[in-house]
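below are the sequence and a predicted model; questions follow.
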Amino acid sequence: MVLSPIHTVIIILMVTIGTMFTRFLPFILFRKAGSNKGYIDYLGTVLPYSAIGLLVVYCLKDVDLTGPTRGIPEGIAILIIAGLHYWKENPLVSIGVGTAVYMLLIQTVFA
Amino acid sequence: MMNTSKKMTALKAAFPHTIPVLTGFSFLGIAYGLLMESKGYGVGWTFLMSTLAFAGSAQYVAITFLTSAFNPVYALLMTLLVNARHLFYGVSLLDKYQKTGRLKPYLIFGLCDETFSITCSTDAPDEVERKWFYFFITLLDHVYWVVGSVLGSILGSVVSFNTTGLEFVLTALFVVIFVGQWKSQKNHKPAMIGLVGSTICLMVFGKDHFIIPAMITILVALTLHRKDPVHNKKAA
């Protein structure tokens, strides 16, 4: 545990508040179904795709391309995950195999 | 008595629809609990987080807030970003969740990706009361997630094995969502804006300061591209 219990509770509340904000907002804003949602509706359609792109980059922000492993284990694992998922479209297989390969690589070959 | 049997009917009708989620949440929940445990956050913290937030990807991202310097504003902003897609779920379910009475706040509270994927595509059978049908789908999914993550946490505290690299499950999750979205869309601009815009901001601002510039870049780029709506292959 890095944070103190109080700080941990605050982080948990922040995650809860942030999540609930995105879940409740549409129901609060658009009480009348079929009203003109305009720009927000547009953002709701496109933002999910951009947000996932950002999250992929966020997850990889600590990968050091000039470090000892040069990001090779991450690269290999991502290629396997993307390839598997493009082919089979089974999220659990893609995530499970990809994570296992990554763990194996950094615990053995790149240890 | 009448009321109880009505609820049982709804529960029985709801359960089969949630079986795929049971499988998925067992896996992702156990991995989450294991990861929390490996970072020194025991079963109580995992239970609290999974019960209150009930948001898989946001909870995975939140591990990074729990293992770095205390920064609640950043945690809130990242959670909003991770869950921005939920805005879209709500907009899609405005009609379906109408007239669900006192169950409505819980239905919205529990609207995770998996619950949304069931409720938006499934209608209650005729003999089942709609609001209870949706309620039990939401509740079952919530229970699977909490139980799965608690099991993972307990497993992590009992069995000791090398979890180095397990945090990659988060990267894997987002790569899978990214590829899934890519396959389902003709218009790849929003996805590319997210990927390229963030990469550029990461190179320019560095890993500790790129998130907010990336969010602004994405919003501006999306606003400029408003004339190109996303085309859903299935709908076309």
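Yep, that arrived. The model shown is predicted, which means the values in this text are computed figures rather than measured ones.

contacts and neighbour counts: CA atoms only from here.
Noted.

pLDDT below threshold where in chain A?
A:32-37, A:40, A:44 (pLDDT under 70).

what's the closest non-adjacent residue to B:I177?
By the measure of C-alpha to C-alpha, 6 or more residues apart in numbering or on different chains, the closest residue to B:I177 outside its immediate chain neighbours is A:I52, 7.2 Å from it.

test my guess that that neighbour contacts B:I193.
No: the criterion here is C-alpha atoms under 8 Å, and A:I52 misses it with B:I193 at 10.4 Å.

give me the three-state assignment for the closest residue to B:L173 other than its chain neighbours.
Among residues not flanking B:L173 along the chain, A:I95 sits closest, at 6.1 Å (C-alpha to C-alpha, 6+ apart). Of the three states, A:I95 takes helix under DSSP: H, G, I helix; E, B strand; the rest coil.

quick one, what contacts A:I95?
Under the criterion of C-alpha atoms under 8 Å, 6 or more residues apart in numbering or on different chains, the contact list for A:I95 reads A:81, B:169, B:172-173, B:176.

go with 10 Å
A:77-78, A:80-82, A:84-85, A:101, B:27-28, B:168-176 (C-alpha atoms under 10 Å, 6 or more residues apart in numbering or on different chains).

distance from the chain centre to the lowest-mean-pLDDT helix or strand in chain B, please.
Comparing helices and strands within chain B by mean pLDDT, DSSP states H and E singles out helix B:85-93 as the least confident, with a mean of 78. Its chain's average C-alpha position is 12 Å from that of helix B:85-93, according to C-alpha atoms, centre = their mean, to the nearest Å.

against B:T171, how distant is the residue nearest to B:I177?
Distance, A:I52 to B:T171, using C-alpha to C-alpha, to the nearest Å: 10 Å.

overlap in contacts, the two.
Residues touching both A:I52 and B:T171 by C-alpha under 10 Å, 6+ apart: A:58, B:177.

run a quick neighbour tally on residue 20.
Looking at chain A here, since you left the chain open. 23 (other C-alpha atoms under 10 Å in any protein chain shown).

hm, I was asking about chain B
Using other C-alpha under 10 Å, B:P20 is surrounded by 13 other residues.

contact partners for B:A221?
B:189-190, B:193-194, B:197, B:215.

give me the nearest residue to B:V196, chain neighbours excluded.
The nearest residue in space to B:V196 (C-alpha to C-alpha, 6+ apart) is A:G53, at 8.0 Å.

which one's more surrounded, A:I52 and B:I193?
Residue environment comparison for A:I52 versus B:I193 gives the larger neighbour count to A:I52, 28 against 24, counting by other C-alpha under 10 Å.

who are the packing partners of the strand or helix carrying the more buried one?
Under the assignment given by DSSP states H and E, the secondary-structure element containing A:I52 is helix A:38-59. When contacts are defined as 3 or more C-alpha pairs under 10 Å, 6 or more residues apart in numbering or on different chains; DSSP states H and E, helix A:38-59 sits against helix A:5-29, helix B:56-66, helix B:72-82, helix B:85-93, helix B:168-184, helix B:189-205, helix B:211-224.

can you tell me the distance between the two ends of stretch B:88-107?
Distance between the boundary residues of stretch B:88-107 (C-alpha to C-alpha) amounts to 15 Å.

tell me which residues of that stretch come out buried.
For stretch B:88-107, a neighbour-count test (16 or more other C-alpha atoms under 10 Å in any protein chain shown) marks B:88-94, B:96-97, B:100, B:104, B:107 as buried.

ok, the residue of chain A found nearest chain B - contacts?
When distances are taken as C-alpha to the nearest C-alpha, chain A reaches nearest to chain B at A:S50, 3.8 Å away. Contacts here follow C-alpha under 10 Å, 6+ apart; on that basis A:S50 touches B:81, B:85, B:178, B:188-198, B:215, B:218-219, B:222.

likewise for A:K88?
A:S94.

that one and B:I193, how far apart?
Taking C-alpha to C-alpha as the criterion, A:K88 is separated from B:I193 by 26 Å.
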